[in-house]
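Peer 1: got a sequence here, can you model it:
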Amino acid sequence: MIEISPQIIQLRREVSKTQYPALSQLTSHGIVIGVSHSASRDQTHTFPLSEVNLRSESLALEASSRFMATSAQAHVIWNVIIDEFHLQETFASKKWDTFLSLFLEEHAATHTLVLYYPWGVRYASDLLESIDALQMRSPLPVLVNAEHYTWKTPEVQKAMHSLKLQHVYMDAPHLPGLIKKSEYHTGRIAILRCTGRNAKSWFEPNLEERYCYSYSQPELCAIADRIIELRDDHKKVYVTLCNRPASATVANAIQLADELQKRM
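Peer 2: You can find the predicted model right below:
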């Protein structure tokens with residue numbers, strides 16, 4: 001378990017029930033910071049961005065209730081996890097129709113869909129074709145977050161660029177072959193997911209173990225610099241803190257907002 005410092009605990013107490021001022025100010029500069037929905041549920045303050053994690057196999061069961069639960073959020077990123085055991089389920093299935101039917105065209109400004117392929121999913125041309133087909137009929141912007149190194153080859157990056165399919169940026173452990181950035185950018189938005197740098201437990205299936213990490217101040221300074229660089233190339237940058245536990249997630253998000261404010 002991570003030990004949360006007294007300073008971080010005190011920082012959490014200082015944040016009021018209203019939105020932390022730095023978060024609102026950053027949003028006006030095109031930088032939107034949020035946390036995973038599970039981290040924000042029981043907190044006493046709000047964030048302008050929330051990430052909702054859904055597994056593809058339970059999409060039809062959970063999507064509707066999660067949609068209602070996030071109705072008050074300014075922006076929601078729907079992070080749908082599709083592992084190697086469920087690749088055979090096509091995007092043309094009824095559950096995907098049900099999920100997409102929740103959204104109207106006007107939701108495109110406040111909701112984003114991310115297709116998250118964990119390390120076990122290798123690149124395949126037919127998979128990319130199916131993603132492109134989903135992108136064509138989705139009312140929401142669609143981004144891809146694939147961890148396996150086969151998605152990082154110049155040929156694949158070129159194909160994704162030609163389809164205007166953006167890859168999610170990551171802050172993650174320094175492990176060989178793990179995709180943390182793409183070689184191109186396209187579109188008006190960028191998403192940076194900060195999942196912690198717990199290399200020891202990165203391949204654990206339990207996300208509470210995998211993402212168990214509290215960022216240090218120097219690490220948050222480096223992340224802030226990276227966000228400023230992304231902002232130079234995009235109209236808007238969405239940053240989600242996905243590390244665990246929730247106390248570290250929220251505290252790191254506030255600390256990151258403070259670091260970014262110094263750079264405005």
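Peer 1: how about the spatially most central residue of the chain, phi and psi?
Peer 2: Centroid check for the chain by C-alpha atoms, centre = their mean gives Arg193 as the closest residue, at 4.3 Å. The phi and psi values for Arg193, taken as degrees, to the nearest 10, are phi -100, psi 120.
Peer 1: what of the one 5 residues further on?
Peer 2: Per-residue torsions, Asn198: phi -90, psi 80 (degrees, to the nearest 10).
Peer 1: what residues are up against the closest residue to it other than its chain neighbours?
Peer 2: Computed as C-beta to C-beta, 6 or more residues apart in numbering, the closest residue to Asn198 that is not its neighbour in sequence is Tyr213, at 4.4 Å. Bear in mind the C-beta positions are built from the backbone N, C-alpha and C, glycine included. By C-beta atoms under 8 Å, 6 or more residues apart in numbering, Tyr213 lies in contact with Ile2, Thr195, Gly196, Arg197, Asn198, Asn243, Arg244, Ala248.
Peer 1: need those in a markdown table with pLDDT, neighbour count and secondary structure, can you?
Peer 2: As requested, the contacts of Tyr213 are exported to a markdown table (pLDDT from 0 to 100; neighbours: other C-beta atoms under 10 Å; DSSP: H, G, I helix; E, B strand; the rest coil):
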| residue | pLDDT | neighbour count | secondary structure |
| --- | --- | --- | --- |
| Ile2 | 51 | 14 | coil |
| Thr195 | 94 | 21 | coil |
| Gly196 | 96 | 25 | coil |
| Arg197 | 95 | 18 | coil |
| Asn198 | 95 | 19 | coil |
| Asn243 | 94 | 26 | coil |
| Arg244 | 92 | 25 | strand |
| Ala248 | 92 | 24 | helix |
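Peer 1: of these, which is the nearest to Leu140?
Peer 2: Nearest to Leu140, judged by C-beta to C-beta, of those is Thr195 at 22.0 Å.
Peer 1: circling back to that earlier point, the residue nearest to the centre of the chain touches Asn243, doesn't it?
Peer 2: No. Between Arg193 and Asn243 there is no contact under C-beta atoms under 8 Å: 9.9 Å.
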